[in-house]
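K.L.:
I'd like to go over a predicted model; first the sequence, then the structure.
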Amino acid sequence: MGVPFEALLPYAVCIGMFGFSGAALSKIRAMQNGGKRARHSVDQWDRQMMDRDRRLTGFLRGQTDNVKAPAGFELSNPWRLEPGFT
């Protein structure tokens, strides 16, 4: 005895919605990263380099091959000084 296809329609709709929402979230994350895939296990060094890239290009994951830094970049130093010993 076969299974009527009407019983499988809700399953098809649920699987289709999961697939669509997963693809949409993946696309949105890629758009937020400048067209690149999302990063995982980002440590302090990676965050520092991504912040530098953001200050240079305006995008968190953007990179540039310009030899000279843009105007005003020399004044936006992200390094923080330690408080002095007293």
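P.N.:
Thanks, I have the structure now.
K.L.:
Quickly find the element holding K27.
P.N.:
helix 5-32 (DSSP states H and E).
K.L.:
How far off centre is that helix?
P.N.:
In terms of C-alpha atoms, centre = their mean, to the nearest Å, the centre of helix 5-32 is found 21 Å from the chain centre.
K.L.:
Which parts of that helix count as buried, going by neighbours?
P.N.:
If you call a residue buried by 16 or more other C-beta atoms under 10 Å, then helix 5-32 has no buried ones at all. Placement of C-beta: from N, CA and C, glycine included.
K.L.:
Now the helix or strand following that helix - C-alpha only, CSV.
P.N.:
Per DSSP H and E, helix 5-32 leads on to helix 44-57 as the next helix or strand towards the C-terminus. Included here for helix 44-57 are C-alpha records, laid out as CSV according to Å, rounded to 0.1, in the frame of the first residue of the first chain:
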residue,chain,number,x,y,z
GLN,A,44,43.0,38.3,19.0
TRP,A,45,45.5,38.6,16.1
ASP,A,46,42.7,38.0,13.5
ARG,A,47,40.5,40.7,15.2
GLN,A,48,43.4,43.1,15.2
MET,A,49,44.2,42.5,11.5
MET,A,50,40.5,42.8,10.6
ASP,A,51,40.2,46.0,12.5
ARG,A,52,43.3,47.3,10.6
ASP,A,53,41.7,46.3,7.3
ARG,A,54,38.4,48.0,8.3
ARG,A,55,40.3,51.2,9.0
LEU,A,56,42.2,51.0,5.7
THR,A,57,39.4,50.0,3.4
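K.L.:
coming back round to it: what mean pLDDT does the helix holding K27 get?
P.N.:
pLDDT averaged over helix 5-32 equals 93, rounded to a whole number.
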